[in-house]
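**Student:** Please work out how this folds:
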Amino acid sequence: MLFKFGNILGWYTFLALIPLIIIYLIKPRPTKLKIPSLMFFMKNVNTSTAQSLFRHFQNDLLFFIQLLIFLLLAFSIVEPVLVLNRDVVSSNIVFVLDVSASSKVIESNNMTRFEIAKDKIKDLATSKNSLILLKSYPVVALQSVGRSSLLRYLDRLQPTDDTTDIASAISLGGEILGSSKGRIVVVSDLIVSKGISADVAKNVLESRGIHVDFLDTKTDLRSNVGIVDMIIRGEDVNLYLKNYNNIAKDISFKVNKEVSEIHIGPLSVEPFVFTLNDNLTIAKIIEQDDFLTDNEVVITRPYLDKIKVLFISNKPSKFLKAAFTSIDDVVVSFAEPPIIPDDEYDVYILDGVDKNKLVVDNFGSVMRKVRDRGKAAVVVAQPDSDKMNYEGLLPVRFNGFVSGGLVDVQQINRFTKDIDFGIIKNIFNVDSADGTNLVSVNGTGLVSLFKVGGGSVVYYGILDSESDFKLTPGYPVFWNNLIYFLVGREDLNNVNLKSGTVFGFLNETVVLDKQGLHNLNGKPIAINLLNEKESDISFVDVSSDIKTASAKLDKIKSDVDYDLAVYLSSLILLLILFELFYIKFRGEI
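**Tutor:** Got it, this is the predicted structure:
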C-alpha cells in the first residue's frame, strides 16, 4: 500500500493553516473591571470544576473541527491516490463460449464439447459476468450480470452450426471491459475456422493489461469423415469428402435414394459428382462418427421445370445457337418465320429473321405473350433491323449506323457483371428512352431493358460482324445469366449457402447459422457447414503460443488506484454539517 499525489503544488495550501493557528494562539489583553466580590461569589457558587473544564473543551472543540476541515481541504487539493496491490480480475469475467458447429463433437465421456464448456463456466461464474457467443460473428449475449442470471441463460442456450472466429470474440471482450479491470476467459476447442489467429488478439489485449485465459474443451483425439466443400455448376454438384483419420475409411454415401461406396485414404479428400434431379436433395454419410454435423448436406433446387426457349430465326447465328444449347436447364426449340408455334415458352429469341418471310402478326403474337402473360423476349440486332416491323414488340427507334467504340457497362447486374464487351466498330444509333440502357457506346444503348406489360424485352445491339465479343469466354456466360435473369431464376450457388453467411431481408441482416432448409422472404435457402477447418475436430495449432489454463483460474495481482478526493469531499461535507449542528447546539445561531 502506498500513496501517490497528482498535484505536488497543492502542498502549499497547507500554509493557509498558519494564520488560523496564530489567531487561535494569540490571546487578547484582559480588561480590568471593578466587580463586587459578593456578586462574583454568588454567580459561581453552583459552578463545579468539571463544568468549567467542559466549557473550556467546548471552546477548543470548535477550533479543532475547523482545523480538521482545513486540513482535509488542503489534502484533497494535492489529489491523493491510494494504491493497493490486490486480485482485481476474478470478480469481473467476460466469458467467451464456443457455440460453433465443432462444439457438438461428442467426447469420450459422452458429453459434447458444448456441455463441457457450460459446466466450466458454471464453475467459474462470479459476481459480475459477461457472456460472448463464439461464432463466425461473435454476439454479446449478457453483460455485467450476476451468477444466477448467467446460469439461467446457459441452461436455455443451444449450439449452432456456425464457424469460429476466436480473435474477433476476444477483441469484443476487450471492448466490453473497456478501461475497467477484468479478465477474458475463452472456453472453446480452439479450432479457428475464420479470421486471424487468436494469438494476435490475445497479445493486443494483454498489452492493455487485460488478461486472457483459454480453457480447452477437447479431451482426446476424435474420429471424423465429413463433407467439407461443395461446388455447383448448372445442375452438376461436386461434393468433397475428407477423411481426418490416420487410417483409411470405407464409407457408404447416400444421395436421396441411391447409395455409393467410397474409399477414402488417411487424411485424404475424395470428390463425388452427381446431377440434381429433384428440387430437394439430401446427401449424407451413413456411418456415424464423433461429429455428425458435416455428415450431411441439403441442396435446394427450387425449379423443377426446364426453361423453355423458342429461337425464332431464318438464319441463326452459330455463336448464339451454340451459347443457348450449352446452357444447363434450358430446352431450346427453333422456329422459322413465317411459321411460329403458338405454344407457351418462357423466353423468345429473335435473331437472323428474313423480313421478306414475315407475315402479319408474327411478332405481334410474341408481343402479346410478353405483354399479357409475363413472358420475356430478346431482340438481337441484325443489319436490316431499321427496316423491320417489330409490331410493338421492341420499343426502339432506329436512326441508322454510327461509329462505335469502347463498350461501357452503365449498370452492373447479374448478366453484365464481370463481362468485358470489348470494342465494337459500328452500331445502330437507337432511341431507347423508354427503357434502361445497361450497356452503351458513347451514350447510345447497346443492351437495353424494356418493360412491356407484364413481361420484359431486351434489345441486344452487338452485331457479330462488328465485334469480337462472340469469341470471348464471357459470351456464353452473358447469355446464360441473361436467360436466368429473365425467368427470375437464382443461380443455385446463391440459394445453397454456407453457415455464417450474412443474409439481408426486411431491412435486417441475419447470420445464417443453422444447417438445413430455410424459407427467407419467400425464398428457399439451404444452409450447410462445408468448412474444412471447422470439421478438423482434433486440430491442434502447434505454431500457436496459446497456453490453456486448468479448471481453476490463477489469481492475478495488480495495482489498483483509489482516488481519495471523493471520500475526502464527503468527509468534509459531514464535518461542515456537524459544525453547524454544534454551533446550533451552543445557541450561537
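**Student:** for the closest residue to S188 other than its chain neighbours, what are its contacts?
**Tutor:** Leaving aside its sequence neighbours, S188 sits nearest to D98 (CB to CB, 6 or more residues apart in numbering; 3.6 Å). Yep, even glycine has a C-beta here, placed from its N, CA and C like the rest. Neighbour list for D98: R113, F114, A117, L134, T164, V186, V187, S188, D189, T217 [criterion: CB atoms under 8 Å, 6 or more residues apart in numbering].
**Student:** hmm, try it at 6 Å
**Tutor:** D98 makes contacts with A117, L134, S188, as judged by CB atoms under 6 Å, 6 or more residues apart in numbering.
**Student:** count of residues packed around Y348?
**Tutor:** Using other CB atoms under 10 Å, Y348 has 26 neighbouring residues.
**Student:** Can you classify it by secondary structure?
**Tutor:** Secondary structure state of Y348, per DSSP: H, G, I helix; E, B strand; the rest coil, is strand.
**Student:** residues in contact with A117?
**Tutor:** Going by CB under 6 Å, 6+ apart, A117 touches L97, D98, V187, T217.
**Student:** what separates it from D213, distance-wise?
**Tutor:** In this view, A117 and D213 are 13 Å apart by CB to CB, to the nearest Å.
**Student:** How about D468?
**Tutor:** Applying CB to CB to D468 and D213 gives a distance of 63 Å.
**Student:** more neighbours, these two?
**Tutor:** D213 (22 against 13).
**Student:** Secondary structure element holding that one?
**Tutor:** Using DSSP states H and E, D213 sits within strand 211-216.
**Student:** Per-residue pLDDT of K27, please?
**Tutor:** Listed pLDDT for K27 reads 56.
**Student:** do the same with T31
**Tutor:** With respect to pLDDT, T31 scores 64.
**Student:** ok, now V378?
**Tutor:** pLDDT for V378: 95.
**Student:** Tell me the bridge partners for the closest residue to it other than its chain neighbours.
**Tutor:** Using CB to CB, 6+ apart and skipping residues adjacent in sequence, the residue nearest V378 is V458, 4.7 Å away. Residues in a beta bridge with V458, per DSSP bridges, are V378, L449.
**Student:** List the beta-bridge partners for D229.
**Tutor:** Counting by DSSP bridges, D229 is bridged to Y240.
**Student:** That one: how many residues sit nearby?
**Tutor:** Neighbourhood size, D229 [other CB under 10 Å]: 18.
**Student:** Where does pLDDT dip in the chain?
**Tutor:** Along the chain, the parts satisfying pLDDT under 70 run over 1, 24-60, 84-90, 505-507, 541-562, 588-589.
**Student:** before we move on, which element is the residue nearest the centre of it in?
**Tutor:** In the chain, the centroid-proximal residue (CA atoms, centre = their mean) is Y137; its distance is 4.2 Å. Using DSSP H and E, Y137 falls within no helix or strand.
**Student:** who are the neighbours in contact with it?
**Tutor:** For Y137, the contacting residues are V511, by CB under 6 Å, 6+ apart.
**Student:** backbone phi and psi for it, please?
**Tutor:** phi -130, psi 100 (degrees, to the nearest 10).
**Student:** how much space between the residue nearest to V378 and V331?
**Tutor:** V458 sits 20 Å away from V331, going by CB to CB.
**Student:** the more surrounded of the two?
**Tutor:** Per other CB under 10 Å, whichever of V458 and V331 has more neighbours is V458, with 22 against 14.
**Student:** Surely the more buried one and A377 touch.
**Tutor:** No - the pair V458 and A377 fails to qualify as a contact (CB atoms under 6 Å) at a distance of 7.4 Å.
**Student:** quick one: the strands in the stretch 301-450 of the chain?
**Tutor:** Along the stretch 301-450 of the chain, counting by DSSP state E, counting those that start in this stretch, strands occupy 307-312, 330-335, 347-350, 376-380, 397-406, 408-409, 423-431, 436-441, 444-452.
**Student:** can you list the contacts of D98 in a markdown table and add secondary structure and distance to T501?
**Tutor:** Formatted as a markdown table, these follow (DSSP: H, G, I helix; E, B strand; the rest coil; distance: CB to CB, whole Å):
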| residue | secondary structure | distance to T501 |
| --- | --- | --- |
| A117 | helix | 25 |
| L134 | strand | 18 |
| S188 | strand | 22 |
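**Student:** Let me know the closest of those to I307.
**Tutor:** L134 (43.5 Å; CB to CB).
**Student:** Could you count how many residues lie near that closest one?
**Tutor:** As a burial measure, L134 scores 27 neighbours (other CB under 10 Å).
**Student:** How about it: which residues does it bridge to?
**Tutor:** Note on L134: beta-bridge partners D98, judged by DSSP bridges.
**Student:** ok, it - contacts?
**Tutor:** L134 is in contact with V96, D98, A169, S188, counting by CB under 6 Å, 6+ apart.
**Student:** mind running it again at 7 Å?
**Tutor:** Each residue near L134 by CB atoms under 7 Å, 6 or more residues apart in numbering is listed here: V96, L97, D98, V99, S100, T164, I166, A169, S188.
**Student:** could you flag which of the residues you listed are buried?
**Tutor:** Neighbour-count burial (16 or more other CB atoms under 10 Å) applied to those gives V96, L97, D98, V99, S100, T164, I166, A169, S188.
**Student:** Quick check: the first one touching A169?
**Tutor:** Yes - with contact defined as CB atoms under 7 Å, V96 counts as touching A169 (4.7 Å).
**Student:** what residues are shared contacts of these two?
**Tutor:** Joint contacts of V96 and A169 (CB under 7 Å, 6+ apart) are I132, L134.
**Student:** Do you have the helices of the protein handy? List them.
**Tutor:** Assigned by DSSP state H, the chain shows helices spanning 17-25, 37-43, 49-77, 113-124, 147-156, 166-177, 198-207, 318-325, 362-373, 474-486, 565-586.
**Student:** Quick one: closest of these to L406.
**Tutor:** Of those, nearest to L406 by CB to CB is helix 474-486, at 15.2 Å.
**Student:** Pull out the buried residues from stretch 301-314.
**Tutor:** Buried residues in stretch 301-314 (16+ other CB under 10 Å): R301, Y303, I307, K308, V309, L310, F311, I312, S313, N314.
**Student:** Go through the helices of the chain and name the closest to Q382.
**Tutor:** helix 318-325 (11.3 Å).
**Student:** which ones are touching the closest residue to S136 other than its chain neighbours?
**Tutor:** Among residues not flanking S136 along the chain, G500 sits closest, at 3.3 Å (CB to CB, 6+ apart). Each residue near G500 by CB under 7 Å, 6+ apart is listed here: S136, D162, T163, V511, D513.
**Student:** And the contacts of A117, which two are furthest apart?
**Tutor:** Top of the distance list for the contacts of A117 (CB to CB): L97 and T217, 9.9 Å.
**Student:** and for those two, which residues touch both?
**Tutor:** The contact sets of L97 and T217 overlap at A117, V187 (CB under 7 Å, 6+ apart).
**Student:** count of residues packed around Q158?
**Tutor:** Counted with other CB under 10 Å, the neighbours of Q158 add up to 8.
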